[in-house]
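Student: sequence first, then the predicted structure, then my questions.
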Amino acid sequence: MTRKPKVIDGTIKIIKESIVNIRADAIVNAANNQLAQGGGVCGVIFYAAGSEKLRKACNAIAHCDVGDAVITPAFNHKNSKFIIHAVGPVWKGGENGEAKLLYNAYMSSLKLAKKNGCKSIAFPLISSGIFGYPIHGAWEQALNACVDFLKENLMDDFTIVFAALKDSIVEDG
């Protein structure tokens, strides 16, 4: 059973739910820079979209820099139109520009969503899984980027949802 979303600012919500179960114009894949199918959130998104179709689309793009994002169709994923593949940094202690790169991954995703006519986007907490980014710091960069985007674009009708499966991710935010 899904918990009621925690609303941070009228348009930013945190939901304890798998990202593939959230209805949004775009969902964000926590991608690697080769855009290869991985495990975790990435694997679930590939499976929901149709692994073969999404793999072909990602192979055609071939690469995405850390801190950037690219977009593909959502293919078989019934809850979204697009998948935005955002590449966050691997945590190396915080002295290698990780905060700026993570902020940029969110901002790039949001800009791509806007450019493609999206009114809603669902994010995982990028880089906080196998990339090792500390959860509190990951939330800080995620929320800073989202609030900055909404302020810069004056988008009252734009909804940002964060999908989290672990209580620690939902409650520590």
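Tutor: Good, I have the coordinates.
Student: and the helix or strand residue 147 falls within, how far from the chain's centre?
Tutor: Residue 147 is part of helix 135-153, with elements assigned from DSSP states H and E. On the basis of C-alpha atoms, centre = their mean, to the nearest Å, the separation between the geometric centre of helix 135-153 and that of its chain is 12 Å.
Student: now for it, which elements pack on it?
Tutor: In this structure, helix 135-153 makes packing contacts with strand 6-9, strand 12-16, helix 98-115, strand 159-164, helix 167-172, judged by 3 or more C-beta pairs under 8 Å, 6 or more residues apart in numbering; DSSP states H and E. C-beta here means a position set from N, CA and C on the backbone, and glycine is covered the same way.
Student: tell me which residues in it are buried?
Tutor: Judged by neighbour count using 16 or more other C-beta atoms under 10 Å, the buried positions of helix 135-153 are 135, 137-139, 141-143, 145-146, 149-150.
Student: what angle do strand 12-16 and that helix make with each other?
Tutor: In this structure, helix 135-153 runs at an angle of 140 degrees to strand 12-16, with axes from the mean of the first three to the mean of the last three C-alpha atoms, to 10 degrees as the basis.
Student: and the angle from helix 135-153 to helix 98-115?
Tutor: With the same axes, to 10 degrees as the basis, helix 135-153 and helix 98-115 are set at 40 degrees to each other.
Student: could you give the mean pLDDT of helix 135-153?
Tutor: Helix 135-153 shows a mean pLDDT of 94.
Student: could you dump that helix to CSV, C-alpha only?
Tutor: Output in CSV follows, covering the C-alpha atoms of helix 135-153 (Å, rounded to 0.1, in the frame of the first residue of the first chain):
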residue,chain,number,x,y,z
ILE,A,135,21.4,10.5,1.3
HIS,A,136,21.3,13.8,3.1
GLY,A,137,23.6,15.4,0.5
ALA,A,138,21.7,13.8,-2.4
TRP,A,139,18.4,15.2,-1.1
GLU,A,140,20.0,18.7,-0.7
GLN,A,141,21.1,18.8,-4.4
ALA,A,142,17.9,17.2,-5.7
LEU,A,143,15.7,19.7,-3.9
ASN,A,144,17.9,22.7,-4.6
ALA,A,145,17.8,21.9,-8.3
CYS,A,146,14.0,21.4,-8.3
VAL,A,147,13.2,24.6,-6.4
ASP,A,148,15.6,26.6,-8.6
PHE,A,149,14.0,25.2,-11.7
LEU,A,150,10.5,26.0,-10.6
LYS,A,151,11.5,29.6,-9.6
GLU,A,152,13.4,30.2,-12.8
ASN,A,153,10.6,28.8,-15.0
